[in-house]
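Asker: next come a sequence and a model predicted from it.
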Amino acid sequence: MTLAPTRIAFISQSASLDYFGPLMADALPHAEVSVWPDPRCLEADIAVCWIPPPGIYARMPRLRLIHGIAAGVDNILEGQDTRGLPVCRVVEPGLTQGMVEYVRWSVLYFHRDFDHMAMQQRERVWKRLPLRPAADCRVGVMGLGELGGVVARTLRDDGYDVGGWSRSPREIDGVATWHGDEGLPAFLARTDVLICLLPLTDATRGILGARTFAQLPRGAAIVHCGRGEHLAVDALTDALSTGHLRGAVLDVFPVEPLPEDSPLWRCPGVVVTPHMASMASSAEIVRQVAANVARLGSGEPLRNTVDLARGY
Ligand code: NDP
Ligand code: OXD
């Protein structure tokens with residue numbers, strides 16, 4: 001008896017995932033690979049997704065595994081019935097390193113006053129500011145998972161005064177940590193540069209809003225690399241306009257690409273980057289999908305599974 005080949009579908013309604021086709025075919029030569037909107041996707045056993053069409057899994061009778069191409073899984077779960085199937089995401093040292101680089105730059109930008117220097121240059125002002133040691137800059141990392149945990153340790157090793165906040169208790173040497181709703185006010189009150197590396201869930205949607213900003217010390221800055229829906233844009237522009245917040249480096253937005261008429265493009269104090277803080281390489285994504293396909297076939301536990309009850 002010949003076994004039917006594994007059918008793998010790359011599915012996105014917002015991005016072209018064509019480039020994964022040949023890479024996957026090289027990694028698993030016996031698999032049949034299709035890319036949305038090819039109707040053969042609906043016959044697949046494995047769906048590899050980034051913002052798939054709503055309700056797509058319910059239309060895939062043979063589906064056995066849902067795999068993301070990213071660390072965040074919100075957009076492969078929202079509006080979907082996962083039918084109890086396993087969902088996996090990407091966890092990768094290269095992705096983590098990219099995030100560390102992005103956040104380090106952003107923290108230095110505020111710590112070493114590059115934002116003020118850019119303003120001074122526009123006004124042709126030559127004015128030196130006192131050198132503030134890293135230990136006097138209190139950085140706070142929201143989310144101490146695969147990315148936030150490494151970011152917190154790296155900034156600690158750079159000499160910053162680092163705090164962290166998570167859902168459950170986390171201990172990191174040399175990092176003061178808080179958790180849960182009850183821990184949030186104390187964490188925010190000691191944070192000069194707030195870094196968001198949370199997943200998007202019902203509990204975290206809108207967390208970067210007026211209430212959170214009001215609990216930060218006057219002059220605090222935001223570095224946002226989580227998901228756009230964490231951020232209340234009006235609350236941010238209000239807090240910037242009153243001077244309560246000093247600035248924000250934003251990589252993710254409620255609508256992406258950021259619409260041309262968004263006030264954020266020209267908001268003083270805001271740095272906009274196009275959701276580029278980090279990403280896994282295509283080769284690594286394919287390697288992880290292929291490894292999980294093999295594990296599914298042999299009955300071994302899958303890697304990087306998502307806890308659907310928690311939503312991340
Ligand atoms: P993880 O799942 O490994 O870590 C998530 C962390 O957030 C955990 O520490 C978790 O707490 C904490 N958390 C979750 N819910 C809450 C809550 N309600 N209150 C407090 N803390 C909470 O995720 P990663 O580190 O891999 O990725 C984080 C996010 O970064 C992704 O979901 C994605 O949105 C974003 N991202 C953005 C990229 C970009 O280019 N801008 C690139 C990659 C990722 P606990 O430890 O208790 O579980
Ligand atoms: C991710 C992303 O979640 O790129 O990996 O946003």
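Answerer: The structure has been received and is ready for your questions. Ligands and ions are numbered 1, 2, ... in the order given.
Asker: find the closest residue to ligand 1 in the protein.
Answerer: As assessed by CB to the nearest ligand atom, ligand 1 sits closest to Gly145 within the chain, at 1.7 Å. For glycine as for every other residue, the C-beta is placed from the backbone atoms N, C-alpha and C.
Asker: which parts of this protein sit against ligand 2?
Answerer: Listed as neighbours of ligand 2 in the chain under the rule CB under 6 Å from any ligand atom: Ala70, Ala71, Gly72, Met279.
Asker: residues contacting the residue of the chain closest to ligand 1?
Answerer: Shown in contact with Gly145 (CB atoms under 8 Å, 6 or more residues apart in numbering): Ser166, Leu197, Pro199, Tyr312.
Asker: can you redo these as TSV with pLDDT, neighbour count and secondary structure?
Answerer: Putting the contacts of Gly145 into TSV (pLDDT from 0 to 100; neighbours: other CB atoms under 10 Å; DSSP: H, G, I helix; E, B strand; the rest coil) gives the following:
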residue	pLDDT	neighbour count	secondary structure
Ser166	98	22	strand
Leu197	99	25	coil
Pro199	98	22	coil
Tyr312	98	20	coil
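Asker: could you find the closest non-adjacent residue to Ala232?
Answerer: Gly209 (3.8 Å; CB to CB, 6 or more residues apart in numbering).
Asker: can you give me the neighbour number for that neighbour?
Answerer: Look at Gly209: counted by other CB atoms under 10 Å, it has 17 neighbours.
Asker: ok, now Ala309?
Answerer: For Ala309, using other CB under 10 Å, the count is 5.
Asker: which element is it on?
Answerer: Using DSSP states H and E, Ala309 sits within no helix or strand.
Asker: what pLDDT does the residue positioned nearest the centre of the chain get?
Answerer: The chain has Gly226 as the residue nearest its centroid, 3.9 Å off, counting by CA atoms, centre = their mean. For Gly226, the model assigns a pLDDT of 98.
Asker: contact partners for it?
Answerer: Applying CB under 8 Å, 6+ apart to Gly226 gives the contacts Gly72, Met142, Gly143, Cys196, Leu197, Leu198, Pro199, Leu200, Thr204, Val252.
Asker: quick one: Val249 from Asp38, how far?
Answerer: Distance, Val249 to Asp38, by CB to CB, to the nearest Å: 39 Å.
Asker: now stretch 7-18: buried residues?
Answerer: For stretch 7-18, the neighbour count (16 or more other CB atoms under 10 Å) marks Arg7, Ile8, Ala9, Phe10, Ile11, Ser12, Leu17 as buried.
Asker: before we move on, what about stretch 228-237?
Answerer: So, applying 16+ other CB under 10 Å, buried residues of stretch 228-237: Gly228, Glu229, His230, Leu231, Ala232, Val233, Ala235, Leu236, Thr237.
Asker: got those as TSV, with distance to ligand 1 and secondary structure columns?
Answerer: Listed next are the buried residues of stretch 228-237 as TSV, based on distance: CB to the nearest ligand atom, whole Å; DSSP: H, G, I helix; E, B strand; the rest coil:
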residue	distance to ligand 1	secondary structure
Gly228	9	helix
Glu229	10	helix
His230	8	helix
Leu231	12	strand
Ala232	16	coil
Val233	16	helix
Ala235	18	helix
Leu236	17	helix
Thr237	20	helix
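Asker: show me the domain layout of this protein.
Answerer: Domain ranges of the chain: 7-92+280-298, 95-272, per the TED database.
Asker: what lies in contact with the helix or strand hosting Val151?
Answerer: Assigned by DSSP H and E, Val151 belongs to helix 146-157. Applying CB under 8 Å, 6+ apart, the contact partners of helix 146-157 are 71, 91, 95-96, 99-100, 103-104, 107, 139, 141-142, 144, 162, 164, 166, 170, 172-175, 195, 197-198, 225, 278.
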